[in-house]
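# Fold the following.
(chains A, B, C, D, E, F, G and H, ligands or ions: 12)
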There are 8 protein chains.
Amino acid sequence: ARRGYPEAVYCPGKSPDQAAVIAAAVRERPDVTTLFTRATAAHAAAVLGELPEAHHDTTAGLLAWPPTPPLPTGGPVLVVAAGTSDLPVAREALLTARYLGRAADLIVDVGVAGLQRILGQLPALRAAHAVVVAAGMDGALPSVVAGLVSAPVVAVPTSVGYGAAFGGLAPLLAMLNSCAPGVAVVNIDNGYGAGHLAAQITAVRS
Amino acid sequence: ARRGYPEAVYCPGKSPDQAAVIAAAVRERPDVTTLFTRATAAHAAAVLGELPEAHHDTTAGLLAWPPTPPLPTGGPVLVVAAGTSDLPVAREALLTARYLGRAADLIVDVGVAGLQRILGQLPALRAAHAVVVAAGMDGALPSVVAGLVSAPVVAVPTSVGYGAAFGGLAPLLAMLNSCAPGVAVVNIDNGYGAGHLAAQITAVRS
Amino acid sequence: ARRGYPEAVYCPGKSPDQAAVIAAAVRERPDVTTLFTRATAAHAAAVLGELPEAHHDTTAGLLAWPPTPPLPTGGPVLVVAAGTSDLPVAREALLTARYLGRAADLIVDVGVAGLQRILGQLPALRAAHAVVVAAGMDGALPSVVAGLVSAPVVAVPTSVGYGAAFGGLAPLLAMLNSCAPGVAVVNIDNGYGAGHLAAQITAVRS
Amino acid sequence: ARRGYPEAVYCPGKSPDQAAVIAAAVRERPDVTTLFTRATAAHAAAVLGELPEAHHDTTAGLLAWPPTPPLPTGGPVLVVAAGTSDLPVAREALLTARYLGRAADLIVDVGVAGLQRILGQLPALRAAHAVVVAAGMDGALPSVVAGLVSAPVVAVPTSVGYGAAFGGLAPLLAMLNSCAPGVAVVNIDNGYGAGHLAAQITAVRS
Amino acid sequence: ARRGYPEAVYCPGKSPDQAAVIAAAVRERPDVTTLFTRATAAHAAAVLGELPEAHHDTTAGLLAWPPTPPLPTGGPVLVVAAGTSDLPVAREALLTARYLGRAADLIVDVGVAGLQRILGQLPALRAAHAVVVAAGMDGALPSVVAGLVSAPVVAVPTSVGYGAAFGGLAPLLAMLNSCAPGVAVVNIDNGYGAGHLAAQITAVRS
Amino acid sequence: ARRGYPEAVYCPGKSPDQAAVIAAAVRERPDVTTLFTRATAAHAAAVLGELPEAHHDTTAGLLAWPPTPPLPTGGPVLVVAAGTSDLPVAREALLTARYLGRAADLIVDVGVAGLQRILGQLPALRAAHAVVVAAGMDGALPSVVAGLVSAPVVAVPTSVGYGAAFGGLAPLLAMLNSCAPGVAVVNIDNGYGAGHLAAQITAVRS
Amino acid sequence: ARRGYPEAVYCPGKSPDQAAVIAAAVRERPDVTTLFTRATAAHAAAVLGELPEAHHDTTAGLLAWPPTPPLPTGGPVLVVAAGTSDLPVAREALLTARYLGRAADLIVDVGVAGLQRILGQLPALRAAHAVVVAAGMDGALPSVVAGLVSAPVVAVPTSVGYGAAFGGLAPLLAMLNSCAPGVAVVNIDNGYGAGHLAAQITAVRS
Amino acid sequence: ARRGYPEAVYCPGKSPDQAAVIAAAVRERPDVTTLFTRATAAHAAAVLGELPEAHHDTTAGLLAWPPTPPLPTGGPVLVVAAGTSDLPVAREALLTARYLGRAADLIVDVGVAGLQRILGQLPALRAAHAVVVAAGMDGALPSVVAGLVSAPVVAVPTSVGYGAAFGGLAPLLAMLNSCAPGVAVVNIDNGYGAGHLAAQITAVRS
Ligand SMILES: Nc1ncnc2c1ncn2[C@@H]1O[C@H](COP(=O)(O)O)[C@@H](O)[C@H]1O
Ligand SMILES: Nc1ncnc2c1ncn2[C@@H]1O[C@H](COP(=O)(O)O)[C@@H](O)[C@H]1O
Ligand SMILES: Nc1ncnc2c1ncn2[C@@H]1O[C@H](COP(=O)(O)O)[C@@H](O)[C@H]1O
Ligand SMILES: Nc1ncnc2c1ncn2[C@@H]1O[C@H](COP(=O)(O)O)[C@@H](O)[C@H]1O
Ligand SMILES: [Mg+2]
Ligand SMILES: [Mg+2]
Ligand SMILES: [Mg+2]
Ligand SMILES: [Mg+2]
Ligand SMILES: [Mg+2]
Ligand SMILES: [Mg+2]
Ligand SMILES: [Mg+2]
Ligand SMILES: [Mg+2]
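Ligands and ions are numbered 1, 2, ... in the order given. The predicted structure is shown next:
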């Protein structure tokens, strides 16, 4: 755990057996929140074998232990997903923020092709102290959201799409070139990083 | 002139002298509308030396002869520019559409960072039979516009911006990946092509 | 359904079960045409379990419900495929145009390596009010077609090819740089978008 | 001014005359802080002709009016530059943060090739509520800084370098892939955006 | 001179003085044909100061000495340019082929947007033993020509165009992916290499 | 069959069933040489079911019918492969040249890391009227070969390698920038195109 | 074996059978050290069938025969891996250096996000005559190490990471742009090349 | 000066005045060798105003003070340039190695298009303890040299060339993919880094 933040175990490149070994060690440290990210079904089974009570979110591919997030402190975080295909990334951000100790909510399917959907969420958007926006394809949603709120927007491009989306390059470039200031960009599909950054932005300041 | 459309002379790579020679030939064909595009001041002076009455738009770098566009036929075209920096490209599209015989209007500075600006133009947007949208940086405006209108949107990415805009690559990719259907993309900074396509889309059908 | 257009369900990233749930909901709305695009055999089986009478085109990976397209209105659309490998994309465009209410036909295997083939189709090409051209590799066919017709050409690059085709990048760039005006480009393999755009271009104008 | 933030006028693509016109209008609005960014000597002369008391930072190419920043509120911002070549970008961030109302300081020449330099600044780094890090070439500094502090790090890649730096692409990719969480990336050379984001992160929360 | 072929001096990166020194040395070797390629006006003046009778083609930026090409041997070469902007590259190819000892002709402005132009040249195309095709933008012409002739086609992409032409990348990729076999690709703008290759292909075989 | 050349059937994207249908049609045309390229084991079985006597080269993934190549005419072709990993591409070139009617030989494992190997083949290299060179990774071999022979070199980059080979981009760029003139480049892994071009270059001239 | 160095057999692209044939030949040459690199389990089984006593490192995918490395000569090599995911590449470098005759050690999990880890290894770092550094993602570690030691640093980028890591491009560019001199870069994931180079750098000089 | 190595002042991005200030400070430290790299004529004049006796190499754009390099220690370095256009980079490497205390020599114009030139230098190549190879275009020379010598090869790609050389990307990729082991790559045009690395490789080992 870096400086009071939870420990995160990135599962890709680790075998289920290796994940189980880590999970067994985690069991010995009940005071440290630990997240297993990008876990496949096989990783999850291995972790749950050691930590049967861990929380498992299959959409995000995330396991958390202890299963209950800490009581929220700091400012509220809102996670916004352009489409349902962005949900795995958005939920990874949502849960990361929660297990880092923030009150966090999720709004889905508010892409810019139907503006009334995002405009209908103005009160929720403006109540948040940081807004995470997950979007693929044209990556247009963070620019629109950043124009509607004063809080920082954490933009996470997703690899949703095909062809000239080039695995998330298109929304990544769009977000880096947002015509509205106040957009913080993280790596493609990096819901963990987005949620972590949002939790840091909204932390109680020492 | 291709099949009833005006002739267009692309000035880059031609010397002012070469432009003057072409302009002199144009003078002999009063029945054919001719556009000189991407003309520098030197090109313009050379063309005006031969065709003193030609119409010259310095923002677009475009000269037209004869100076008066044909009487409009077909459906109306609306050109929309995200920012004032997109104006040269937008005006090139506007004038091309007009000299191809369309009624065409221009709206500027309606980027998505301030949604009320584009939403305030809904009646004009919905009256058009084709909408040209010029935008650089995040290239988000065409997706928003295509979600607001039923007519085809011609999206022209501009090289406005710096860094990861990569000379217009960022908005180009965004537009190709528009989350709203109905977006026709042309080359970066290709206002001429955008106006031409819009005029073809809105032509009286034979 | 956006503003009178059919609803489209993009299957990749959805499980067959999720597709079945959507199909069940669709069954309750007999008045709205719905397309399931990029459906695998498993998606198709799931959809047909709920909507046994849906039309299923295995080449395009498309299912439509209700199965019969609306009576055609507006202008005719022609879809042209450079080679037989472009057929899945071309048929996706063809069916989309038809289910959006256009009369639409398909011509295959008219690549520019044998010009007599495309030249032999001149009457059909010139009768269309919009021509969709699907091509991979060198992406040369839209330039040739746009030089032969006055109607707009919707160019859809395909990922057919290998090596320096770079997954469709080569024909995409070629189409964006067409030496003939009047070419509207959509995303690589985006037959749905091409057919949708062609249907908008040829719609009865309000 | 967006929602209480200063107005920023981006000078590239505007003529000195156009800058002067804007400056004259600014003179009429003494209550709105206005920044002119990326101003050349000619832009600066034009602006100063209208606003002789404006503050002019020649390294950043930035003019501000009124010349005195507002009294600081919110949390402190620290701007860190890897080398002296990153100074124009770093100062743009510094001044933007100050004119948005933050206490902001600058530390220069603390690149990772001599770790003792950045390690010698630990107290200053840990006192900040947001750290802006400007670096070109390998873009390694934000990863190191993010490992040393709990506050969010705003990473701004610079176009300093040559060859395989590819105009800032190398540090941009490095920053997006930071091995430490808590790194918010903005566009290459976008000191304005970095300072703005840092000011939003450290704002007094409503 | 490599194995019986002329010597070529590539002028970029050489000062006019350095070019003059080489020209003076060339004067001492009357038996070796020498080409100075990509010569600016200053390079040309320096070379002509030493070799006043050298042949100078200002469009190609090429000087040749001795001024008269050798008597043609081998098979005939035809150089074809899509547009007049491709002329510098096309003439570099033409002259290189001639000074390497081939009968060579040039046809200009036969781009695929007006097929009747290239179709009108069928007898000339089919008489050649190698056809060099210079084209920028969509790079479509070599595919069309290779479909019309049995002889090898040497395709040289040019940097003509803007935006998504990416300095000749678009036609380069198109040519590498030609849907017709028989296309030999050389570097962007490499008229010298194209003419050299065509001369080798058509050489009298030992 | 294009203008006297064999017919080639590109198998990827075709099902074994589709290949069998084509093979059955081929059986009816004993006078036309037909090549099935990039055939998997399943494609091959399907083709051999219809054409049991077809020649099948498993390394190249190529089937030919009738099985015996025509009697050689024109000049000899030499195919050279840098390493054994380049063999599939090299054999595709070799067989294509043979079935187009050329005498063709193959030399393998003569990469530039051991110059004595390629230098030991000088007589064979200089006897050929066209040399096909297949190489991946650094793509250095065509430059070396082109410096040793006067005949044209057809360079075919292969996707052999990993990392910064980027699927053959590295040798493709190296070959396009050969420091020796006389190098004709074809697409990555395009052994068929290389062999076809070499056969055209060495054809009996009409 | 090149000039006294071991022979290396690169397994990808070879079938297990082909690997077995090579292994059988190796058995006849007991005096030549041979490495099989990037061996899958199937390759390994085939090699061990012929050379049962060969050393097999499953993490690196490397087999060596004879199994015992030569007695070390020259200067010591240190291999450093940023994270455990870099271990396959790091071990490939380690073993290559050892089988080329160097004393070589390995330190893992010393990424720059926790500087105390690498700073805690200063004595080991400074004792080495060459340091191999394997890192993915931001590729920041070689710059930090090169600033701490006077010996050459061999930097090997790994394909660890996702999204904008682009298969190792991000750390590759970072390493090429190291702000500290003394960094020698090899291909992505090229542990073999890194170990080989380090062994050459530290060889006893003739 | 890093750990006993000379200080290097990178002039681009510094004004001549700033260079003069640094030079004045250098004058006070006669014991530290200082290099000014990439100096324009204006930079050089400013430096020579303060350090009139400094050594100035106009080809490399390098100034050194004190003017005489230290007496050579360690092993000999050989710098090899493929063509005369690579000379500025090659001389920067040569002088850097010399001022870091190595005996260093330079061989020019030994590109692989004429193998006898590099083969004629075998004794010199094999006498060196490190060989720096500067090459642009196809970047083939380092592979050939690494196959001829046992010492490490430091490969520096140059931006010489045009079109698909993409500013040195082509030789950079070729060098990273060298088919011969023992190649250490540095940034495009980085003669300073290449000479520095070669000097470290050949240093007297502590
Ligand atoms: N989904 C994720 N995306 C990006 N980084 C992650 C993710 N999960 C964990 N990490 C980072 O990776 C580190 C753990 O890596 P490892 O030690 O290989 O498990 C953590 O400290 C996090 O900073
Ligand atoms: N240096 C800068 N870099 C990036 N964006 C900027 C910069 N300066 C101003 N902007 C943005 O550009 C907008 C003004 O653009 P304009 O109306 O063209 O002057 C402002 O609202 C800012 O969001
Ligand atoms: N325009 C050109 N484009 C490409 N290569 C050229 C050109 N002109 C000359 N060359 C090649 O460059 C070599 C001469 O280079 P240099 O010795 O630097 O003048 C010749 O042998 C040619 O192979
Ligand atoms: N020509 C060069 N190419 C690359 N790096 C250089 C060059 N010259 C100097 N450097 C590096 O840049 C640092 C000096 O940068 P600066 O302090 O901005 O002058 C030195 O320590 C060198 O590591
Ligand atoms: Mg905002
Ligand atoms: Mg719409
Ligand atoms: Mg047309
Ligand atoms: Mg941190
Ligand atoms: Mg042909
Ligand atoms: Mg040759
Ligand atoms: Mg060091
Ligand atoms: Mg060697």
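# measure stretch A:98-108 end to end?
End-to-end distance for stretch A:98-108: 17 Å, by CA to CA, to the nearest Å.
# and whichever residue of chain A sits closest to ligand 6, what is it in contact with?
Using CB to the ion, the closest approach of chain A to ligand 6 is made by A:A113 at 7.9 Å. C-beta here means a position set from N, CA and C on the backbone, and glycine is covered the same way. Residues in contact with A:A113 (CB atoms under 8 Å, 6 or more residues apart in numbering or on different chains) are B:143-144, B:146-147, B:178-180, C:2.
# most surrounded residue in the residues you listed?
B:S143 (33 neighbours; other CB atoms under 10 Å in any protein chain shown).
# ok, that one to ligand 11 distance?
For B:S143, the distance to ligand 11 (CB to the ion, to the nearest Å) stands at 49 Å.
# end to end, how far does stretch A:114-128 reach?
22 Å.
# same thing with stretch A:74-85?
30 Å.
# Find me the pLDDT at A:R205, would you?
At A:R205, the pLDDT value in this model is 85.
# my read is it is in a strand, agree?
No. With DSSP: H, G, I helix; E, B strand; the rest coil as the criterion, A:R205 is located in coil rather than a strand.
# which residues touch it?
A:R205 touches D:75, D:129, counting by CB under 8 Å, 6+ apart.
# Give me the domain ranges for chain A.
Listed domain ranges for chain A are A:7-65, A:77-201 (source: automatic domain parsing).
# near chain G at all, stretch A:19-37?
No. Among the residues of stretch A:19-37, none lie within reach of chain G under CB under 8 Å from any CB of the partner chain; the closest is 10.5 Å away.
# For that stretch, give the mean pLDDT please.
For stretch A:19-37, mean pLDDT rounds to 93.
# now the residue lying farthest from the centre of chain A: how far from A:E50?
Distance from the C-alpha centroid of chain A, by CA atoms, centre = their mean, peaks at A:E28 (26.8 Å). A:E28 sits 10 Å away from A:E50, going by CB to CB, to the nearest Å.
# likewise A:A104?
In terms of CB to CB, A:A104 sits 27 Å off from A:E50.
# Mind checking which of the two has more residues around it?
Ranked by neighbour count (other CB under 10 Å), A:A104 and A:E50 place A:A104 first, with 26 against 17.
# residue contacts, the more buried one?
Applying CB under 8 Å, 6+ apart to A:A104 gives the contacts A:76-79, A:94, A:97-98, A:195, A:198.
# 10 Å instead?
Contact partners of A:A104, counting by CB atoms under 10 Å, 6 or more residues apart in numbering or on different chains, are A:69, A:72, A:76-79, A:93-98, A:128, A:130, A:132, A:195, A:198-199, A:202.
# quick revisit: can you redo the domains of chain A as CSV with distance to E:A41?
CSV is the format used below for the domains of chain A (distance: least, CB to CB, whole Å):
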stretch, distance to E:A41
domain A:7-65, 59
domain A:77-201, 40
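# Please identify the deepest-packed of these.
With neighbours taken as mean count of other CB atoms under 10 Å in any protein chain shown, those reach their highest mean count in domain A:77-201, at a mean of 26.
# how much space between the closest residue to ligand 4 within chain A and A:V185?
Residue nearest to ligand 4 within chain A: A:L176 (26.0 Å; CB to the nearest ligand atom). Distance, A:L176 to A:V185, using CB to CB: 5 Å.
# Please apply the same query to A:T34.
Per CB to CB, A:T34 is found 27 Å from A:V185.
# what do you get for A:H43?
Using CB to CB, A:H43 is found at 28 Å from A:V185.
# So which bits of chain A are right by ligand 1?
Chain A comes close to ligand 1 at residues A:8-10, A:37-38, A:190, A:192-193, as judged by CB under 6 Å from any ligand atom.
# Contacts only, for the residue nearest to A:A81 when sequence neighbours are not counted.
Leaving aside its sequence neighbours, A:A81 sits nearest to A:A90 (CB to CB, 6 or more residues apart in numbering or on different chains; 3.8 Å). Applying CB under 10 Å, 6+ apart to A:A90 gives the contacts A:59-60, A:79-84, A:106-108, A:132-135, A:156, A:158, A:191, A:194-195.
# With A:V132 instead?
Applying CB under 10 Å, 6+ apart to A:V132 gives the contacts A:77-81, A:89-90, A:93-94, A:96-97, A:104, A:106, A:142, A:145, A:152-156, A:184, A:186, A:191, A:194-195, A:197-199, A:201.
# can you tell me which of those residues are in strands?
Among the contacts of A:V132, the ones falling in strands (DSSP state E) are A:77-81, A:104, A:106, A:153-156, A:184.
# Out of the residues you listed, which is nearest to F:A24?
Proximity of the ones in strands among the contacts of A:V132 to F:A24 (CB to CB) peaks at A:A81, which lies at 51.7 Å.
# For ligand 8, see how far away that closest one is.
26 Å.
# so that residue makes contact with A:A135?
Yes. Contact criterion CB atoms under 10 Å: A:A81 and A:A135 qualify, at 7.5 Å.
# so what sits against both of those two?
Common neighbours of A:A81 and A:A135 (CB under 10 Å, 6+ apart) are A:89-90, A:110-111, A:141, A:156, A:158, A:160.
# Any chance of those in JSON lines with pLDDT as columns?
Output for the shared contacts of A:A81 and A:A135, formatted as JSON lines (pLDDT from 0 to 100):
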{"residue": "A:V89", "pLDDT": "98"}
{"residue": "A:A90", "pLDDT": "98"}
{"residue": "A:V110", "pLDDT": "97"}
{"residue": "A:G111", "pLDDT": "96"}
{"residue": "A:L141", "pLDDT": "98"}
{"residue": "A:V156", "pLDDT": "98"}
{"residue": "A:T158", "pLDDT": "98"}
{"residue": "A:V160", "pLDDT": "95"}
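# How much space separates A:A130 from chain G?
21 Å (CB to the nearest CB, to the nearest Å).
# how about low-confidence regions in chain A?
A:1-4 (pLDDT under 70).
# the strands in it, which residues?
With DSSP E applied, chain A shows strands at A:7-10, A:34-37, A:55-57, A:62-65, A:77-81, A:104-108, A:130-135, A:153-157, A:183-185, listed in chain order.
# Which one, of these, ends up nearest to ligand 12?
Closest among these, using CB to the ion: strand A:7-10, at 38.1 Å.
# what does the closest one contact?
The contact list for strand A:7-10, computed with CB under 10 Å, 6+ apart, reads A:1-2, A:18-19, A:22-23, A:26, A:29, A:32-39, A:43, A:47, A:62-65, A:96, A:99, A:192-193, A:196, D:181, G:83-85, G:160-162.
# Quick one: distance of stretch A:155-175 to the chain centre.
Chain-centre distance of stretch A:155-175: 16 Å, with CA atoms, centre = their mean, to the nearest Å.
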